[in-house]
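Enquirer: A predicted structure for the sequence below; I have some questions about it.
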Amino acid sequence: MADHGLAGFERTTFTHDGVTRKVLRRGTGPAVVVMSEMPGITPKVLEFAERVAAIGCTAVLPVLFGTPGRDPHPSAHGRWGARAYVGSTFLKLCVSREFTLFATGRSSPVVGWLRALAAQEHERCGGPGVGAIGMCATGGFALAMATDERLLAPVLSQPSLPLPVTASRRHTIDISPAELAVVKDRCARGDLRVLGMRFRGDRFVPGERFAALRRELGDAFIAVELDDADGNPEAIAAPHSVVTEHLIDEPGQPTRTALDEVLDLFRTRLLTEKPDAPGNESGN
């Protein structure tokens with residue numbers, strides 16, 4: 001692919017608690033917050049957002065890191081240009097106080113900003129609530145955002161934080177105990193279903209993490225776990241990005257089935273269900 005010029009996406013900003021970030025938007029209907037993977041909002045992430053818009057939702061993409069539309073593939077900017085871009089973006093993420101890469105029992109501070117963005121988009125777009133998908137470094141953010149009862153459809157795609165560099169970090173995800181308790185209560189009440197996706201061989205998303213989510217959330221956690229052979233062999237990295245870089249966009253392919261399951265969750269919860277108007281849970 002090549003860089004995406006962002007045609008078809010509205011460019012705006014959102015400010016909360018003194019922090020202003022750029023936001024891309026596309027579509028009409030209930031909002032779905034699309035949080036990109038490393039190294040940013042790539043052309044593949046934008047393709048996913050276009051699919052969200054096509055089903056009748058508004059795709060809302062906060063610019064959390066990286067350059068929107070830049071293609072990280074070496075064919076676009078050369079091998080060294082690609083490595084330099086990914087490396088510099090990761091370094092900025094490591095030193096940012098808004099992201100918690102290694103600590104356990106904590107949500108990243110940026111989650112508060114994301115909850116506020118989701119609340120504004122719900123007011124703007126209407127509908128029964130909001131959807132959210134996090135990918136890679138942002139994968140767990142959708143879970144922490146679900147302390148707000150307006151978040152009806154959280155998707156955790158290859159949730160990679162905290163980085164699983166120790167045994168304890170393999171068995172957890174980046175959410176505080178207090179926020180997890182709120183999410184567990186929503187799941188127990190039947191108010192919430194959480195979809196998680198990973199490749200079984202992905203060293204950034206160990207099986208222990210999904211096992212912990214099953215224990216904590218029970219039947220409300222829907223796990224989609226794919227064999228590494230299901231990933232797109234033309235991708236430049238080991239199988240990791242389920243609905244973007246490693247998607248094989250053909251009917252019957254496991255990654256396409258996973259993508260369809262994500263879109264079906266958004267349809268079911270945001271376009272067909274009519275739950276009571278939710279209030280704002282503490283945490284926003």
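Expert: Yep, it's here.
Enquirer: that's a helix at A229, yeah?
Expert: Yes: checked against DSSP: H, G, I helix; E, B strand; the rest coil, A229 lies within a helix.
Enquirer: Let me know the pLDDT of it.
Expert: Per-residue pLDDT puts A229 at 98.
Enquirer: again, but for P275
Expert: pLDDT, P275: 46.
Enquirer: And what about the residue lying closest to P177 once chain neighbours are set aside, helix, strand or coil?
Expert: With C-beta to C-beta, 6 or more residues apart in numbering as the criterion, P177 has its nearest non-adjacent residue at 6.1 Å, and that residue is G105. For the C-beta atoms, the positions are set from N, CA and C on the backbone; glycine is no exception. Recorded secondary structure, G105: coil (three-state DSSP).
Enquirer: Could you do E37 as well?
Expert: coil.
Enquirer: wait, doesn't it sit right on V243?
Expert: No: contact criterion C-beta atoms under 8 Å: E37 and V243 do not qualify, at 9.7 Å.
Enquirer: between these two, what contacts are shared?
Expert: Residues touching both E37 and V243 (C-beta atoms under 8 Å, 6 or more residues apart in numbering) are 135, 157.
Enquirer: where does the stretch 51-200 of the chain dip in pLDDT?
Expert: 103 (pLDDT under 70).
Enquirer: All the helices of it, in order from the start?
Expert: Counting by DSSP state H, counting those that start in this stretch, the stretch 51-200 of the chain has helices at residues 74-77, 79-95, 110-125, 141-145, 167-170, 177-188.
Enquirer: At the geometric centre of this protein, which residue do we find?
Expert: With distances taken as C-alpha atoms, centre = their mean, the chain has G134 as the residue nearest its mean C-alpha position (0.9 Å).
Enquirer: Next up, the contacts around it.
Expert: Contacts of G134 (C-beta under 8 Å, 6+ apart): 35, 140-143, 155-157, 159.
Enquirer: Sort out which one of the residues you listed lies nearest H122 for me.
Expert: A142 (14.6 Å; C-beta to C-beta).
Enquirer: Let me see the contact set for that closest one.
Expert: Applying C-beta under 8 Å, 6+ apart to A142 gives the contacts 33, 35, 132-134, 151, 154-156.
Enquirer: could you redo the last one with a cut-off of 10 Å?
Expert: 33-35, 111, 114, 118, 131-135, 151, 153-157, 159, 194-196 (C-beta atoms under 10 Å, 6 or more residues apart in numbering).
Enquirer: where's it relative to V155, distance?
Expert: The gap separating A142 from V155 is 6 Å, by C-beta to C-beta, to the nearest Å.
Enquirer: Overlap of the contact sets of the two?
Expert: Joint contacts of A142 and V155 (C-beta under 10 Å, 6+ apart) are 34-35, 131-135, 194-196.
Enquirer: Kindly indicate which of those lies nearest D185.
Expert: Looking across those and measuring by C-beta to C-beta, the closest to D185 is V194, at 13.0 Å.
Enquirer: The closest one contacts F221, doesn't it?
Expert: Yes: using C-beta atoms under 10 Å, V194 is in contact with F221, at 5.1 Å.
Enquirer: Overlap in contacts, these two.
Expert: Common neighbours of V194 and F221 (C-beta under 10 Å, 6+ apart) are 143, 156, 187, 213.
Enquirer: Are we agreed that the last one is in a helix?
Expert: Translated: L213. Yes: assigned with three-state DSSP, L213 falls within a helix.
Enquirer: Just give me the neighbour total for it.
Expert: Other residues within reach of L213 by the criterion other C-beta atoms under 10 Å amount to 23.
Enquirer: List the contacts of the closest residue to it other than its chain neighbours.
Expert: Excluding the flanking residues, the one nearest L213 by C-beta to C-beta, 6+ apart is F221, at 4.9 Å. By C-beta under 10 Å, 6+ apart, F221 lies in contact with 143, 156, 187, 192-196, 210, 212-215.
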